[in-house]
Every structure is written in C-alpha cells, then in structure tokens.
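Student: give me coordinates for this.
(chains A, B, C and D)
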Amino acid sequence: MAKKISSILIANRGEIALRVIRACKETGIRSIAVYSDEDVRAVHVKRADEAYHIGAAAPSQSYLNMTKIMETAKAAGADAIHPGYGFLSENENFSELCEKNNIIFIGPSSKTMQITGDKMKCKAVMKKAKVPTVPGSDSVIDDVEKAADIAHEAGYPVMLKSAFGGGGRGIRLCKDEKQLRQEFEMASAESRAAFGKAALFVEKYLQRIRHIEFQLLRDTHGNGRHLFERECSIQRRHQKLIEMSPSPVVDQKTRERIGEIAVRAADAVDYHNAGTAEFLRDPEGNFYFIEINSRLQVEHPVTELVTGQDLVKLQIAVAQGEEIPFKQEDLKMNGCAIECRINAEDPFYDFAPSVGPVPYCNLPYGPGVRVETYLYPGCTVSGYYDSLTAKLLTWGRNFEEARVRMRNALDEFVIEGINTTIPLYKTIMDEPNFIKGELSTDYLDRFKIFDKMNEDVKNQANSKAKAAVAAALLHSELVRKGAAPQSAVQKSRWKSRVTM
Amino acid sequence: MAKKISSILIANRGEIALRVIRACKETGIRSIAVYSDEDVRAVHVKRADEAYHIGAAAPSQSYLNMTKIMETAKAAGADAIHPGYGFLSENENFSELCEKNNIIFIGPSSKTMQITGDKMKCKAVMKKAKVPTVPGSDSVIDDVEKAADIAHEAGYPVMLKSAFGGGGRGIRLCKDEKQLRQEFEMASAESRAAFGKAALFVEKYLQRIRHIEFQLLRDTHGNGRHLFERECSIQRRHQKLIEMSPSPVVDQKTRERIGEIAVRAADAVDYHNAGTAEFLRDPEGNFYFIEINSRLQVEHPVTELVTGQDLVKLQIAVAQGEEIPFKQEDLKMNGCAIECRINAEDPFYDFAPSVGPVPYCNLPYGPGVRVETYLYPGCTVSGYYDSLTAKLLTWGRNFEEARVRMRNALDEFVIEGINTTIPLYKTIMDEPNFIKGELSTDYLDRFKIFDKMNEDVKNQANSKAKAAVAAALLHSELVRKGAAPQSAVQKSRWKSRVTM
Amino acid sequence: MEFKVGDLAQMLDGEVLRTTENNSILVKIGDKMHTVRLLKTGTNEFEFILDNSFHHAKVMQSGSAEVKLMIDGQPLTVKKHSKLTEVLEKASALGGAGGGDRNLTSQIPGRVVNITAQPGTAVKKGDVVMVLESMKMQVAVKAHKDGNIKDIKVKQGASVARNDLLAVIE
Amino acid sequence: MEFKVGDLAQMLDGEVLRTTENNSILVKIGDKMHTVRLLKTGTNEFEFILDNSFHHAKVMQSGSAEVKLMIDGQPLTVKKHSKLTEVLEKASALGGAGGGDRNLTSQIPGRVVNITAQPGTAVKKGDVVMVLESMKMQVAVKAHKDGNIKDIKVKQGASVARNDLLAVIE
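Tutor: So this is what the prediction gives:
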C-alpha cells in the first residue's frame, strides 16, 4: 500500500472532477480525465493533463461503464482512480475491480463498502459497536406480531418501510398499534406481489429532525479522525440544498461526544479514506446514526473552510498508505462556512430540470467566497447528468458574517440561459428562522419558504418597475433610430414557465 | 464620533472600490460610487447602490478633484468617505476638508497625516518614541563636517540623499569618508542650483535588505493592535510585486517584539484607523522603521487571509467610534497567504504599460484562492490610471501549500487583449530561492529572474510545438474547406512587442 | 404612453422628454422627471444609469404591444397600455382558462420513461399524461387543458428535445 | 510540408493523413502519427485534443507563408517552410537590422511628457526620442533604427493613441 501515486484517473465529470484535478496539480500528480460524447467541451477535459473519450452520453455508456474506465486507466498508466461522488463512487464491485487490477481505488475497500452499502447490515454492525441507531427492527420482518413488539419498544409513532423502497417511496406512518397492523397487511401484500416477500422494517418516527453529519477520515494504519460536523437540514425531497458548519445546535462538548461515536462507527467497518457518518438529531438533542456515506461528499468544502484541511489531498495521502498527519486535538474549528448547491432547476416551477447553453455567467468572488463549478461562459448544462452546476460557499468569522457574504455572493452570481435555485437561497438567507438557526428537514414547508420566495421575487420585480419603463422607452427610441433590433433571443425564463 | 455610518462614498475606482462596496453590502451600508468619463462601464459603477459622475478621465479632473468629490458626497448624503489607496488617501488636506464638512474620513486625522506624510518629521517623532529608525541624520544637513560625523557614527557605507529627490533619484552611495566629502560637494552644488539650498541627509546604507511591514489598527479610544507582518521584498523599482504573510524570517518572538514597536509607532502619532508600519530588515536581523503608510494597503488581503479579520469592515467600525473588538492576544496567525499583483505591464518589454479592451478573461477560483479585480469579459484597461488590474491571493496551511496553489491559479488566470505580469510570477513561484524564502529587495536582479522567465517562456513555447503544427494543419484544412476565416483579430502580443 | 409593468396594479406613465448634454436623456415616469444616462448599447441589451443607479436591460422579446425584459437579471414584462389592448385582453380571457393550443409540448429535454394516458381517454387540466426523465429526475408532464387525448406523439424510451410535440389534446 | 515553430532550431514535418471515424483526424508530425479530435471551431479559434491532451488555438494572423497562433495562451509563429521562404528571408535579412519602415509609432496610448530629440539630428537605434506617460509610468520611446530625425509629429503635452505616428527617421 505504500506506493506513491503519480497519476490519477478521475472517473467523474463536472465540478468534482475539476476539484480533483486541482488537487493533482498542487501535488504534482498527472491528472487523467475521462469524458462522454456529451462532455467534449467540458471544463474537466480542458484542465486535466490528459483526457480520454470513454463513450456515449448516457451514464451507463460512459461514467458508469466499469470495463471501459478500467481499460482506460490501464492504457493511460494510471496508478489510482478517484471516483468523485455519485456514479461509481459507492459501487463495491468497482472498488473490487480496482483491487483486482492493482489500481488504487481512492476510497474504502470493497469489503467495507459491502457493509456500508447495506443499511440493515450496517445497522447491525453499529449496534454491536454501541453506536446509537434509530430505534426499530434490526432486520427485515415478515411477521406482524414481531413488528408490533418492536414498535411498542421504540414508541409510537413508527414508520413501516419496505426494504425494496427507496427515496421516500413505500414509507407508511403508523400512529398506533391498530394502524400498524392495518398498514402491515397492506404493505406486506404489496411487497409480496412485487418482490415475492414482505421484507418490511419498523423504525421510530422522528419529528422535526435535523440532519447532522460528521466528516470522517481514517487511514490504513487504523488512525481515525472526525473533522467536526456539518448541518444539512435544509433539504427538498431528501436532497440537501444548504449545508453549514458548525451546526447552530452543536456545542463543543456535543461535537466531541458525537465525533467520537462517528470515529467508532468508522472503526467498526474498518473504514479507509474520507467518508461521512450521517446522524439524525431530534429536538431533545438525541443523535441517531443512520448511515455512512462511503465517499467524498458534495459538501466537503464546508469542512475544508472551517478546518483549513484539504480533504482531496488527504484522500490521496491516505490512499497511498500515509498516516493522517494530524491528531484529533490538533484540529480547531475556525469560523463558520455555508454552502448553497446551485442546481439547474426552476424553483418557480416545481424544480423542473433546466438544461441548455449558458451563453454568459459571472462567478462571485471576493473576501470569504469560494466557488466550485464547471460553468464557464459558453458552456452547456446537460440533461444527461445531475443538476448540480455549482457550489457556492462563504466563510465568515461567525455564522452572521458567512450569511451576509452568502447573500451578497448570490447577488453577484449570474447564470444566463438556465434557471437555477439561486432565488430560493436569496430568500432563505434573509429568512428569520434561518437566521435564528431554527432548522429541520421540513424547514421549507414548515416556514412556507416557497411562498416567501415568490413574494420576494415579486417585490424585487416591482422595485425595478421604473427601470423597466425607462428600458422600454430607451428600447423604443433605439428601435425608432434603427439602433436596436426588434426582438431577440434564445431561451427566456417565461418560456420555461409555461404550464406543461 | 459615535455616529453610526449608514452610507459611504468611495472616492476611488478599480478593485479597491469594489472591495469597499462588498464590505458595505455586508454591513447594510449604502455604497456610493463616483466615476470619471473613462469609467462609465467600470465594475464599481455597476455594483454600487448609487454612482455619480464626477468629471473627465484625467485623475486631476475626477478622482483627485476634492471639491467635486465633497460636493457629490454632500449631494448624495454620504455619512463617510472611504478613500481607498492612492488618489486622495494620504492627502491631509482632503482629510481636513472632510473634518470641516462633518463627513467622516475613513482614515487617520489630518493632524496625524501631517506627521506621517513628512519623512523627517516622522523620523524625529519615532526616535523620541524609541522606535528604531535607519541610523543617520535626524534632519537635513548643509554642512559637510556634520555629515562626516553622522556617517562615522552610523558606519560606512552610507547614502547621501537629497530632500528634494524621491523614488531613488538623487541618491549617492559613499563607501568611505573621502567619497562622502566628494559627493557632498557635488550633491549640495546641484541641490543649491535647483532648489536654493543643499538639504541633504545621510543614512546608513543597508544591503540585501528585506521589506517587512506590520499591519496596524488603532481606534479613537487609544487601543492599538498589530495584525502581524507582511513580507514585501519582491519589488521592481520600489514597486511591490509579491507580498506574503508570515515572513520566512519572522518567528513568533520577533513578531511580538516588532509588532509591539509598530503599535508604539502608531501611538506616537495618535494614529486612527488601519495603517501600516514599514520596516527594513538587514541580514543580521535588525529592523529599522522607515515610515507609516496612513491608509489601507493594496496588500491588505494577505493579512485578512491569515488572521480571518475583515480590515475594511474594521475600518468602518473604528471610523464610527467603535472600539477594536479583539485583544492583541486573541489574534492567531493561521497558515500562510501570498499575493501577486497582476499589473497590465509587459514583463517581456521592460514592463511597458499595456492598455485596451479585454475581450475575455477567466478568473481563477477553487480551494484557497481569492481574487480582487475590476476585470470582466468586455472591460477596458485604461491608460489614465495605475496598472494594477487584479490581486491574486492564495492561502495554504503553510507556505508550500500557498505556493503551489498560486502556481496553479496563475495557470488558470486568463486575460486576453493585454499583457500582464503573470508570466513573471509563474517563474518566481517555481524559483528555488523563492521557495527557500531567500528574499531581498534586489531579488529580481540578484537571481536573474528575467532571464529565467524568458527561458521558461521559450521552453513552454517549445513544448507546444507539436500542438502548433497540428493547429496550423487544422487551420489549413479549415480554410481549404471554407470553414475558417483567413485571418483575425485585434491586438496580439507580437504587435505590442515590436521595438519602439 | 401608459405602461403596465409585471403584475403591478398601478400603471406608470412614461415619456421621453429630450436628450441633454452629457449623453443623457430626460424622461418622465409617473409624475417625476428622471435622468437616464445610456452607457452601452448592444444587439439586444443595454446598460444605463437611472437616477444614479446602474441598470442592465436585456430585451428578450419585443412586439408593438409589449416588451419582455430582463432588468438586472429579473424578468419583467412591460405592456404598452391602450384601450385596444384592454379590449383584446378581455376577449382572450373569455376564451377560458387553458383554452387555445391543442398541442402539449415538452418544456424540457429528456427521455420518456412512462406514458400514463391513452389516446381516446378524457383528461382534465393537470392530469399526468406522461413522465420524462432529465438530470436524473422524473418530471410529470401534465395536461395543459381539459379535453380528450387525440394522439400521443412519442413512444416510451424515446428522447425528446425541448418544445417537441408530446401529445394532442382536443 | 515542413514547419518552423517559434525559435525551435529543428524543423517539423507535418501532414494530414485522413479523417477517421469519431470526428478525428490522423496527422503525421515528425515521424509519428497523432490523432487530433476537433472539439469546436469558432471564427478564429478552435479547440482540439491531440494525443489525449486538450489544446486551444487562436489564429491571430494568417498568411500563405506563416500563421501566428496563440496555443493555450502562448504566442507561437508557425512558418510553412520552403526553399523560396528561405531565399526571401535571407534577402530581407540583408536589408540590415532595423531597416525598413521610417515611421516611429507609439506602441502605447499615453501623453507626451518630453521630447528629447530635435528634427535634423542624427540618432542611433535605441536612442531615446521622447518620453510618454501611461498608467502613471514614464515610458521612453526609442529610435527603431539608425538615421536622422526627419520630423517630430507630436507636441509636448499631446495625447497619443496606440499606433499613432510620433516621428519620422530616415
């Protein structure tokens, strides 16, 4: 394992590929990009030392094509593969394929991923390691009596989940035993019809919860560290939108206590490299482990800003067998960082995907501002891949400074041609409950944020009324003098708001 | 003095105006820009809450026009004026004009500026306050015998300087007493002919010196703090090019010792607001105070990156009568920061000014990168104002990390249409003596950096030879097929390198 | 001329008075005079300073009755108001909500993952007709009006571009 | 065809062999085969991948004998070499260093702060003729050839634009 990495193939695209390329440039490592037909003009192709075409636009033909990527890695002489996030990053088969081909997979071992990738298996391991998990069944249940027993122990309300569901589907809320019994019958019938077995599990239903996660790093010598928490409670349909560190509800004592639990979780699965232990926190302050994300996360720069560490460079160091160069007590939380995920979705139209050319964009900059993006003027946002176009981060000495910097940076961020979630974040940055740190996973609904956003946009539009009239007058004058064209242009926001 | 500032007129342009505007946006202060005819499309006009036209392009007609600026400040209802750096920032008359008009000048009082603006007067005050200055005469000398005495005390070699010279002109080096007597005769004759009196002074000649300065902040309640040092030794013709903090030769003990002296210097002139105490350091480790710069400096973000403080916001706080919100011992040096001044000058052609439209630019970003600039695609670099177009800063946990990040950020920084000092900085970032921290004000000459730069550029060009042939072949093919035009474009680097 | 801006209830009266020295234009908006300084004119955009504040305007669409603008990144429609426009608007309003075009088109590019409505069946406005996938998201395409599905123009698995015809509802 | 690139001593032989599938072009440079994948063609620039590395080329000037390129931000002149070019080059070299044009033009915009040479006086190449100020810097304008100052075309204090005629040296 003590092989010095001199070249890395990045099996990903977009801003995370660029992030890894920059880390390679800083460490003198040859960076090898791969790209699909759709990405010939993508920024990761331009910035990498080398770039190899791997297939058609569809992910299955390119960024998910393990065989082709492995072939390319060998042909290019790559020492290691960085999977980024998404795509193959949590695929234990790919990690195993790398192991077999003697190429370093920058992430945990396939053995570890087999556990972390299976929620129930992982939960069992964590219980054994005395990591607190959400009360409920340890494994799938086919028998309603057992379900009732477990529900009784965990306390109502409980959730009945199908092992075959995912992303919120197949979840049933049960307020009492009577409802549990009814729902169990229906759910197991459905599940049996579709998959041949019931395979349900029971879990305590937690209300007004916060999503708080701990950044982990563990080397092959068994040294485990946590790099403090990130609060990621602002979500829409289980997708994180805003992340920050520190969490407004985590004090130093809690940080140390839960951080230690997170490291214990990493030890329990013999985790290598960077990862994240995700927890739910209820209003009473209880933390429940839910899962380990066995990869670098989208929101990793939040942690970089408050710790000063470079997680990608640490990933590389650990992957080539080095020990983590700091002790737990060496880490200090410095200031506050916030991240907004700038997605190519229309927040005024149910977050419909918005794709196409971006003729112009202006990235914000200045004190305390960091951007991670693949956008550049003249680029194209593709419908084949996910909607994250940019991560906007701000750092401040405290939450308030980070917040006002974010508010201003959002104003400076211009992306033409597509709709993005920027207007939503502008509303949130000014919203009193956000400012107070009153967060929960149902934040958007609880505080009617979309109504506020619509109101804000209306007010902003109204404040521009005089300028609009002036512009209309100027336009008439210019047209009259033959100086301006009668009409224009590609895709406006109006068109994309027509009812579908 | 305890008046809360709610609006600030920024009597400046370029990146520093934008810097102050951002600080205003963060603190909810109305920002008022002023602009000359040349700057109608400048970024500070676009980003400020309000923008007022103040005159013709020439600085004397606009940014140096005190009367017009004061009129505008009153008409716009400004509570305060931020002078930035350059222009009126160190003009005691302007500070006084603000005082008379009851508008807060964000800087020291006119009384303080009268002292700091006069080198000899300031030196006398500092000697009294036991701030070590460069050995030599306390005031101008007309008598050769006195000059010889002082030179003897300071130790040869000494410099003979004319009080009427400046910027390196009128300086004579004297190795021994004989030479001093000869040079004194000639210099005093010249000076008498030109100005009616000799007015010379004698100063110890320091060799292989470093320029190290301390950031100061002092409030109206008499609290003085230093925010550590910046090493600014890499200079060309007394113009700083690269600044960094910490200095490679300042350890914590020295930092505290000289920092304390710097605060004492600020006390001695009853300094208010942000300023800088400049020192020379000889190879034996002696520090000699040379002057106080009574304004925010170009290189202030270096200090912001290693302290986490926002100097412009602190300036505003102190200007409205607040006490400095931290104690000296609260400040911790965190990591290392480097700044490169991206000037619109051609380093391959004796740093000739390079002005005109910038059809395209790409600002670098990513982990640890900060840019301060007025550039945007489609902007114009004017010949009326100074050549600083951008400040590129990087932060790292240590010098090495900051350095490699700077090297990569310089690669990412694209500015089309004008020549800049970027190639020079690329060479310096890779240069062994820079990496070792072997710096002095004659660094560029001592290590033949321009030769190295020319060599680097030649090698880079050669490494692109195959790509150039491929491009020439493609171009021929495209022309043959009628797909590409025969020729092109505005201003190329060749044209601007033709011998003048 | 009277202008109706966005969904502001109030009308704004606007007219160009004259060009002053200094490349500026004097305009009257409402009952106040304003100075407009034109900084830049591009093919479909211009920059100006109105009462000492900078604005950027992009003309997205322009007709005799209305101009669709992007003011400082903010979409705004300015209608040139006259009695005639009012009459026309009322007339079109009488056509009923969702009336008009029979074509249901795609607002996004994507892949057809599921077709839920069959030709010949009746749908109400808002009923899901099919599901597209784009950016790893599933997006329901809803009927834009009440009516009968006359025709489904795409097949499951097909790729569609923005503005492609998906179905006809009569 | 043979190419001379920049100041590289060695010549590079280059030819286009054929277009392959995949929108790629097979070229021979020196004695090696290379695959060029053209990604984008603009009015005066194009992007391509040569042997798995991305390059951006901007054509700054192009003639039958040479192309001036910006390759990845690096200025490079590629001369198409032939016996004829060689002969022409030698001939022009015989014209002597600094020969040719009599016009001394300004390479920068600025203000004339000092004129140091008088009409009728002799100057050597590199002698200072006048001093311009731009960006708060003083820039010496030097004679581009040996000769006599025939005429000074500007006055002290005047503003000059880039490429303005400053003096005539014969």
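Student: how close does A:Phe351 get to A:Ser387?
Tutor: Using CB to CB, to the nearest Å, A:Phe351 is found at 8 Å from A:Ser387. Where C-beta positions appear, they are placed from N, C-alpha and C, glycine not excepted.
Student: overlap in contacts, the two.
Tutor: By CB atoms under 8 Å, 6 or more residues apart in numbering or on different chains, A:Phe351 and A:Ser387 have these common neighbours: A:343, A:345, C:137.
Student: report how many residues lie close to the closest residue to the first one other than its chain neighbours.
Tutor: It refers to A:Asn343. Nearest non-adjacent residue to A:Asn343, counting by CB to CB, 6 or more residues apart in numbering or on different chains: A:Ser387, 4.3 Å away. Other residues lying near A:Ser387 total 25 when counted by other CB atoms under 10 Å in any protein chain shown.
Student: can you pull the contacts of A:Ser387?
Tutor: If you count contacts by CB under 8 Å, 6+ apart, A:Ser387 has them with A:343-345, A:353-354, C:135-137.
Student: tell me the domain ranges of chain C?
Tutor: C:2-98, C:103-169 (automatic domain parsing).
Student: where does pLDDT dip in the chain?
Tutor: Went with chain A since none was named. Scanning chain A with the threshold set as pLDDT under 70 gives A:1-2, A:164-170, A:483-500.
Student: not what I meant, chain C
Tutor: In chain C the weaker segments, taking pLDDT under 70 as the threshold, are C:22, C:81-100.
Student: quick one: is stretch C:153-170 near chain A?
Tutor: Yes - counting by CB under 8 Å from any CB of the partner chain, contacts between stretch C:153-170 and chain A involve C:Arg162.
Student: can you get me the start-to-end distance on that stretch?
Tutor: End-to-end distance of stretch C:153-170 (CA to CA, to the nearest Å): 14 Å.
Student: what does that stretch rub up against?
Tutor: By CB under 8 Å, 6+ apart, the residues outside stretch C:153-170 that reach it are A:356, A:491, C:102-115, C:117, C:123, C:129-130, C:132, C:141, C:143-145, C:147-152.
Student: so which bits of that stretch are buried?
Tutor: Within stretch C:153-170, the residues that count as buried by 16 or more other CB atoms under 10 Å in any protein chain shown are C:154, C:160, C:162, C:164, C:166-169.
Student: with stretch A:399-408 instead?
Tutor: With burial defined by 16+ other CB under 10 Å, the residues of stretch A:399-408 counted as buried are A:399, A:401-408.
Student: hmm, who's touching that stretch?
Tutor: Residues from elsewhere that reach stretch A:399-408, judged by CB under 8 Å, 6+ apart: A:244, A:248, A:335-338, A:340, A:364, A:367-369, A:392, A:394-396, A:425-426, A:429-430, A:434-435, A:437, B:22, B:25-27, B:310.
Student: just the ones of the residues you listed in strands?
Tutor: Residues of those located in strands (DSSP state E): A:244, A:336-338, A:340, A:369, A:392, A:394-396.
Student: export the residues you listed as TSV, with columns for distance to chain D and neighbour count.
Tutor: TSV is the format used below for these (distance: CB to the nearest CB, whole Å; neighbours: other CB atoms under 10 Å in any protein chain shown):
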residue	distance to chain D	neighbour count
A:Met244	36	29
A:Cys336	38	23
A:Ala337	32	27
A:Ile338	34	25
A:Cys340	30	26
A:Val369	25	23
A:Leu392	26	23
A:Thr394	30	29
A:Trp395	31	23
A:Gly396	35	22
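Student: ok, which of these also contact chain B?
Tutor: By CB under 8 Å from any CB, the members of the ones in strands among the contacts of stretch A:399-408 lying near chain B are A:Val369.
Student: for A:Met453, which three-state class applies?
Tutor: helix (DSSP: H, G, I helix; E, B strand; the rest coil).
Student: disregarding residues adjacent in the polypeptide, which is nearest to it?
Tutor: A:Thr427 (4.1 Å).
Student: tell me how many other residues crowd residue 13.
Tutor: Looking at chain A here, since you left the chain open. Other residues lying near A:Arg13 total 29 when counted by other CB under 10 Å.
Student: ah, no, chain C please
Tutor: 13.
Student: circling back: and which of the shared contacts of A:Phe351 and A:Ser387 is nearest to chain D?
Tutor: Nearest to chain D among these: A:Asn343, at 26.3 Å, using CB to the nearest CB.
Student: A:Thr420 is in contact with that closest one, correct?
Tutor: Yes - counting by CB atoms under 8 Å, A:Thr420 is a contact partner of A:Asn343 at 6.4 Å.
Student: mind checking which of these two has more residues around it?
Tutor: Set A:Asn343 next to A:Thr420 and count neighbours by other CB under 10 Å: A:Asn343 wins out with 26 against 23.
Student: phi and psi next, for that one.
Tutor: A:Asn343 adopts backbone torsions of phi -100, psi 150, taken as degrees, to the nearest 10.
Student: farthest-separated two in the buried residues of stretch C:153-170?
Tutor: For these, the farthest-apart pair by CB to CB is C:Arg162 and C:Ile169; their separation is 19.2 Å.
Student: tell me the SS of the closest residue to A:Ala337 other than its chain neighbours?
Tutor: Spatial nearest neighbour of A:Ala337, excluding adjacent residues (CB to CB, 6+ apart): A:Leu305 at 3.7 Å. Here A:Leu305 is recorded as helix under three-state DSSP.
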